[in-house]
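Trainee: What would the 3D arrangement of this be:
(chains A and B)
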Amino acid sequence: MASSGLELLWVSLPQLARGAGQTLSISFLSIAISTVGGVLYGVLRTLNVTWLNAILRVYLELFRAIPVLVWLYLLFFGLPIFFGLSLPSFWCAVLVLSLWGASEVGEVARGALHSLPRGQREAGLSIGLNAAQLYGYVLLPQALKRMTPPTINVYTRIIKTSSLAVLIGVVDVIKVGQQIIERTYESVLIYGALFLFFFFICYPLSAASRVLERRWTQA
Amino acid sequence: MTFDYAFILSTLPAFLKAVGVTLQVGLIAIGTSLLVALLNATILVFRTPYLRKLVGLYVELARNTPLLIQLFFVYFALPAVGIQVSGFTAAIITMTFLGGAYLTEVLRAGVDAIPQAQLESGRSIGLSHGQLLRYVILPQAGILSLPSLFANFIFLLKETTVVSAVAVPEILYTTKSYIALYYKTYEMLAVLTLICVLLFLPLSLLLSRLERRLQHGQFGS
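Mentor: Here you go, the predicted structure:
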């Protein structure tokens, strides 16, 4: 049983790897876009422009209030009807995870920028830096360090949440696993393997986040 | 594209029921998760040998894997070893597994924030383990963890949408069934969005206020 199980995993490896590639591509693209979008959100929120803050608050609250899976269905079924735009499920997943991820990273970035001593901003302005210089040379370098540990946590959540893509029809690692189960009935083995697949990607990230957090708060 | 109000009206009873299921799954899972977390936190606080390692392992396993995989494992893989559960039971089991781990972390952080002198003085005036927990640790850790606890309650309530994948008739599953049966995609998506906004937005706004007030919120994981 054990040897035949391992054999099955070995034989299915190319197929599983293709699925894993889809899962990881969705995660990686979403993480990249979320990071850029999140930092931009943080900067825009701390500029203290009233109308801009209002828009960004609405965006944040919509992504906090409506669950990611609901967003997936809304865009997957809704985009074709409302905009006549039919997005492949892969890109639909990337879009939703990026928008959601950017709101999560964004709140982290806002918190980090907000936590810097006021004197930093005032000193920067008083020596005549413009907004771009103030953020580029003074505020962001400090804030980026502070936001790294919690942002890594958001990354693990994006990776975990990318699993939902299977529910709108992406042929990701879970779908491939299900196809193998349909053929072989090895559900314990395959779901066990999927469980470990996600664990071995997310655990090192969580651990790194914790180590950085501890090291940097002690310093 | 016309908006079929009569159809929406006819689905309202079903959606009311679905909201009930969402709340039922969410609230039961929050309750059981809290029990698991209290037990785990007690083990961690008193540094019970071996059990403490086990709790650590559980928390890492549950927090670093997707809810959907946990759910599919319980619902589709356990029958292969003779354990058959309904979608509803699978939902409660998995959400407790996940929620218990998150809430354990929250309580642990709360306990860690209590000055060590509190525990030492409690012991020095001869409090038993139970008394120490009841009168010294829980009241303080409870207050300290309140915003994070609340954030995780909302998180769990929103995660109930995932259990639609094993046919639990909550709001998302109900929406999907109606779309599949009647092709009223436009109307059903509008209803789903409205329900989410009515159900989760007030909670989320309340949380934002609570966090701003207490200025320490570690959201989600």
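Trainee: can we go C-alpha only for contacts and neighbour counts from here?
Mentor: Will do.
Trainee: Without its sequence neighbours, what residue ends up closest to residue B:17?
Mentor: residue B:170 (8.0 Å; C-alpha to C-alpha, 6 or more residues apart in numbering or on different chains).
Trainee: what comes up buried for the worst-scoring helix or strand of chain A on mean pLDDT?
Mentor: Taking mean pLDDT, DSSP states H and E as the measure, chain A has helix A:68-83 as its least confident helix or strand, at a mean of 91. Applying a neighbour-count criterion of 16 or more other C-alpha atoms under 10 Å in any protein chain shown, one finds A:68-78 buried in helix A:68-83.
Trainee: hang on, the earlier thing: show me what contacts the residue nearest to residue B:17?
Mentor: B:17-22, B:160-161, B:164 (C-alpha atoms under 8 Å, 6 or more residues apart in numbering or on different chains).
Trainee: Out of those, which is nearest to residue A:41?
Mentor: residue B:161 (27.3 Å; C-alpha to C-alpha).
Trainee: That closest one in helix, strand or coil?
Mentor: Here residue B:161 is recorded as helix under DSSP: H, G, I helix; E, B strand; the rest coil.
Trainee: Ramachandran coordinates for residue A:127?
Mentor: Note on residue A:127: backbone dihedrals following degrees, to the nearest 10 are phi -90, psi 10.
Trainee: how many other residues sit next to it?
Mentor: Using other C-alpha atoms under 10 Å in any protein chain shown, residue A:127 is surrounded by 9 other residues.
Trainee: how far away is it from chain B?
Mentor: Distance, residue A:127 to chain B, by C-alpha to the nearest C-alpha, to the nearest Å: 31 Å.
Trainee: Could I get the pLDDT score of that residue?
Mentor: Note for residue A:127: predicted pLDDT of 96.
Trainee: before we move on, what about residue B:103?
Mentor: pLDDT recorded at residue B:103 is 96.
Trainee: Residue A:19 contacts residue A:179, correct?
Mentor: No. With contacts defined as C-alpha atoms under 8 Å, residue A:19 does not count as touching residue A:179, sitting 10.9 Å away.
Trainee: so residue A:152 makes contact with residue A:206?
Mentor: Yes. Here residue A:152 reaches residue A:206: they are 7.1 Å apart, a contact under C-alpha under 8 Å.
Trainee: Spell out the secondary structure type for residue B:65.
Mentor: At residue B:65 the chain is in coil, as set by three-state DSSP.
Trainee: OK, contacts around it?
Mentor: Residue B:65 makes contact with A:160, A:195-196, A:198-199, A:202 under the criterion C-alpha under 8 Å, 6+ apart.
Trainee: what's the most distant pair in the residues you listed?
Mentor: By the measure C-alpha to C-alpha, A:160 and A:196 form the most distant pair in the contacts of residue B:65, at 12.1 Å.
Trainee: Look at these two and report which has more neighbours.
Mentor: Higher neighbour count among residue A:160 and residue A:196: residue A:160, with 23 against 17, using other C-alpha under 10 Å.
Trainee: correct me, but the more buried one touches residue A:198?
Mentor: Yes. At 7.1 Å, residue A:160 and residue A:198 qualify as touching, with contact defined as C-alpha under 8 Å.
Trainee: between those two, what contacts are shared?
Mentor: Shared contacts of residue A:160 and residue A:198, counting by C-alpha under 8 Å, 6+ apart, come down to B:64-66.
Trainee: quick revisit: any idea how far chain A is from the residue nearest to residue B:17?
Mentor: Applying C-alpha to the nearest C-alpha, the value for residue B:170 to chain A is 12 Å.
Trainee: quick one, what contacts the closest residue to residue B:164 other than its chain neighbours?
Mentor: Spatial nearest neighbour of residue B:164, chain neighbours left out: residue B:173 (4.8 Å); criterion: C-alpha to C-alpha, 6+ apart. Neighbour list for residue B:173: B:161, B:164-165, B:167 [criterion: C-alpha under 8 Å, 6+ apart].
Trainee: I'd like the distance from residue B:173 to residue B:129, if you could.
Mentor: Distance from residue B:173 to residue B:129, counting by C-alpha to C-alpha, to the nearest Å: 46 Å.
Trainee: cool, residue A:200 as well?
Mentor: For residue A:200, the distance to residue B:129 (C-alpha to C-alpha) stands at 37 Å.
Trainee: likewise residue B:65?
Mentor: Counting by C-alpha to C-alpha - residue B:65 and residue B:129 are separated by 34 Å.
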